[in-house]
Every structure is written in structure tokens, then in C-alpha cells.
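Chemist: Generate coordinates for the sequence data below:
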Amino acid sequence: PALFNTSYSDALLRFVDAAILAYECGMNEDSLRHELKVYKQSLEQQLAPPGMALNEDGCMLGAKIVWITLMETRSVRRWAAYNPVTDDTLHDWSGFVSMIVDSYLNRQMSWFPIERLQLELSAVQDLCAPPHDVVEWARIVYTVLEKVHPQFAKE
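Modeler: From the prediction side, this is the model:
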């Protein structure tokens, strides 16, 4: 975000908007991975400034979290007959996402205890993620939910 003179929150909103659009257009993990590789190659050919490296794995994970959130809420129409994520990805992340979605939509909680989310990830994925990563993934889910099911009126 600093390279583009924007805040992290604005960059996250733009990322979520792009992931929602990709979901609506019918992209899946394979098509997104291909597009990211093409984009990375074009960045390398343009001799992008230092620090502008593309984190493909981070982009993929963020998009998958957005797509699973949209699948859980069923709030956005997808123009494709196939799932956006693989069964393995859905198995790994649906519990994490559904805990947040349930708390947001049914209990109107605007945050969820990080320790419980860490426990979910360690139980399902055998992943011992540091709190700052878990918070980041939860923030992606909450940003999607705020987009498709806002709890508070915007002025």
C-alpha cells in the first residue's frame, strides 16, 4: 500500500472488491493462479520498482477466504457451475470462516476471539498460526461481510 500512497484499509477494500468480482465472474483457484502468474511475468518485464514483488500465495489465500465467505453467506450470484475452491481448501477454511460469519450474522458480533480461531485452524489444518496472521485472515472475512451484509449505516 505504501508504494501506491494508500492506506492498508483502502488496499484491503480494493482487494476484496476485486476478489468479489472474480467470484461473480466464475474464476476458480486454477484460473486465478494462472492470472497471477501472467501478472507477475508482466511486472518482471516492466522492471517494477524494488519492493513491488507479488506475493502469489498471499493473494491466493486471501481470495480463497473471500470466496468461502461468499459461499457461506450466499449473498453474491456466481456465474459458474463449478466451485471456486477445491474440496481440500473448503475443508481447511470453512470452519474458520463459518465461525466468523455465524457470529457476525446471527449474534451481530463485530469481532471474534482470536484464540478460538487459532484453535480451529490448529484442529483442522494442524496449523499453528501466529495471532497477527489469524487477525489478518479474520479481517478479510469481516471486510467481505461488511460489503455484502453491512451492520452499520454508512454516512
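
Chemist: low pLDDT regions in this protein?
Modeler: Applying pLDDT under 70 to the chain picks out residues 1-5, 47-53, 153, 155.

Chemist: Helices along that one, start to end?
Modeler: 8-24, 29-45, 56-73, 87-105, 114-125, 131-148 (DSSP state H).

Chemist: What's the local residue count around M109?
Modeler: M109: 14 surrounding residues under other CB atoms under 10 Å. Every residue, glycine included, has its C-beta placed from N, CA and C.

Chemist: The one 4 residues further on now?
Modeler: Other residues within reach of P113 by the criterion other CB under 10 Å amount to 12.

Chemist: Repeat that for the one 4 residues further on.
Modeler: The number of residues packed near L117 is 22, by other CB under 10 Å.

Chemist: From D10, how far off is it?
Modeler: Note on L117: its distance to D10, by CB to CB, to the nearest Å, is 25 Å.

Chemist: Same question for R33.
Modeler: The gap separating R33 from D10 is 26 Å, by CB to CB.

Chemist: okay, these two: which has more neighbours?
Modeler: A direct count of neighbours by other CB under 10 Å for R33 and D10 places R33 higher, at 16 against 11.

Chemist: still on that earlier bit, highest average neighbour count across the helices of the chain?
Modeler: Highest mean neighbour count among the helices of the chain (mean count of other CB atoms under 10 Å): helix 56-73, with a mean of 20.

Chemist: I am finished for the moment; much appreciated.
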